[in-house]
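Visitor: Following is a predicted model, sequence given first.
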Amino acid sequence: MAINCPTPHISAMMGDFAKTVLMPGDPLRAKFIAENFLENPRLVNNVRGIQGYTGTYKGVPISVMASGMGMPSIGIYSYELYSAYGVENIIRVGSAGGMQNHIKVRDIVIGMGACTNSNYASQYGLNGTFAPIASYKLMAECVNKAKKMGLSYHVGNLLSSDTFYSDDTSSDWAKMGVMAVEMEAAALYMNAARLGKNALAICTISDHLITGEATSSEERQSSFTEMMTLALETAISL
């Protein structure tokens with residue numbers, strides 16, 4: 001569906017967003033990235049408190065805007081950015097719950113694929129199951145940067161869940177090698193696939209489903225700087 005800007009959820013005008021947008025879930029994390037990493041950031045959207053900024057990082061135009069929580073929310077914002085504002089690349093920078101013993105709190109997980117318990121793909125009318133995957137060029141560049149930065153990172157499958165509090169357990173997904181659970185990547189990957197754009201999810205392990213270790217909401221907002229730097233370094237290499 002073709003849409004024009006401003007959109008129902010974004011008040012920015014054409015040209016206000018860079019070709020690459022970093023997308024945390026939390027609006028305050030978007031504000032933190034803009035104020036601490038971007039040069040000359042300007043607020044281009046604040047509809048419903050979903051803050052979006054555009055500035056430069058090492059001289060390259062970069063935007064950052066929150067997605068809100070869950071696949072319906074990131075589905076709306078990423079679709080509008082891709083289809084109305086000419087955005088080519090969206091890099092999710094979020095938090096996730098670890099599901100494997102070898103993955104530790106504060107490690108970075110790079111989502112090669114995103115399994116999901118969501119029915120998001122049903123809209124496409126496919127006669128089968130769609131496998132949401134990252135854009136290879138974004139993922140390859142991100143892995144290369146993570147190696148150079150000496151980060152503790154893992155590449156593989158994420159689980160994008162429609163529920164945060166659930167009667168279901170993650171043990172069945174974990175035995176299939178899924179690294180961590182979050183709530184947005186699958187919808188982002190599907191929107192990118194449908195619109196011919198690029199997407200990647202980079203998450204920091206904020207808590208662990210096996211050990212019970214967890215970070216605070218304040219730490220998730222402002223202390224996951226290695227992930228933020230990795231995303232920015234990836235973005236300026238595109």
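Guide: Right, received. Where do you want to start? Numbering: from 1, shown residues only.
Visitor: what's the distance between Ala214 and Asp207?
Guide: Separation of Ala214 from Asp207 (CB to CB, to the nearest Å): 4 Å. The way it works is simple: take the backbone N, C-alpha and C, and place the C-beta from them, glycine included.
Visitor: repeat for Gly125
Guide: Distance of Gly125 to Asp207, computed by CB to CB: 37 Å.
Visitor: Show me which of those two is the more surrounded one.
Guide: Asp207 (17 against 6; other CB atoms under 10 Å).
Visitor: quick check, that one in a strand?
Guide: Yes. Asp207 sits within a strand when classified using DSSP: H, G, I helix; E, B strand; the rest coil.
Visitor: Quick check: it touching Ile103?
Guide: No. If you go by CB atoms under 8 Å, Asp207 and Ile103 don't touch, sitting 11.5 Å apart.
Visitor: for the most centrally placed residue in the chain, helix, strand, or coil?
Guide: The residue lying closest to the centre of the chain (CA atoms, centre = their mean) is Arg92, at 1.6 Å. Three-state call for Arg92 (three-state DSSP): strand.
Visitor: Name whatever forms a beta bridge with it.
Guide: Met23, Ala201 (DSSP bridges).
Visitor: Who are the contact partners of it?
Guide: 23-24, 67, 74, 184-185, 188, 199-203 (CB atoms under 8 Å, 6 or more residues apart in numbering).
Visitor: Can you show me the strands along the chain?
Guide: With strands called from DSSP state E, the chain shows them at 20-23, 39-45, 52-57, 60-65, 89-98, 108-116, 153-160, 180-182, 198-208.
Visitor: give me the beta-bridge partners of Val155?
Guide: The residues listed as beta-bridge partners of Val155 by DSSP bridges are Ile110.
Visitor: Just to check, it is in contact with Asp107?
Guide: No. Counting by CB under 8 Å, Val155 sits too far from Asp107 to count as a contact (11.4 Å).
Visitor: higher neighbour count, these two?
Guide: Taking Val155 and Asp107 together and counting by other CB under 10 Å, Asp107 has the greater number of neighbours (22 against 16).
Visitor: Quick check: the more buried one vs Lys197, distance?
Guide: On the measure of CB to CB, Asp107 and Lys197 end up 28 Å apart.
Visitor: And for Met112?
Guide: From Met112 to Lys197 the distance is 17 Å (CB to CB).
Visitor: on that earlier part again, out of the contacts of Arg92, who's nearest Val44?
Guide: Within the contacts of Arg92, proximity to Val44 (CB to CB) peaks at Met23, which comes in at 13.8 Å.
Visitor: What's the separation between the closest one and Ala187?
Guide: Met23 is 11 Å from Ala187, by CB to CB.
Visitor: same thing with Glu141?
Guide: As judged by CB to CB, Glu141 and Ala187 stand 22 Å apart.
Visitor: before we move on, back to that, find residues that contact each of Met23 and Ala187.
Guide: 74, 78.
Visitor: Contacts only, for Leu151.
Guide: 108, 226, 230.
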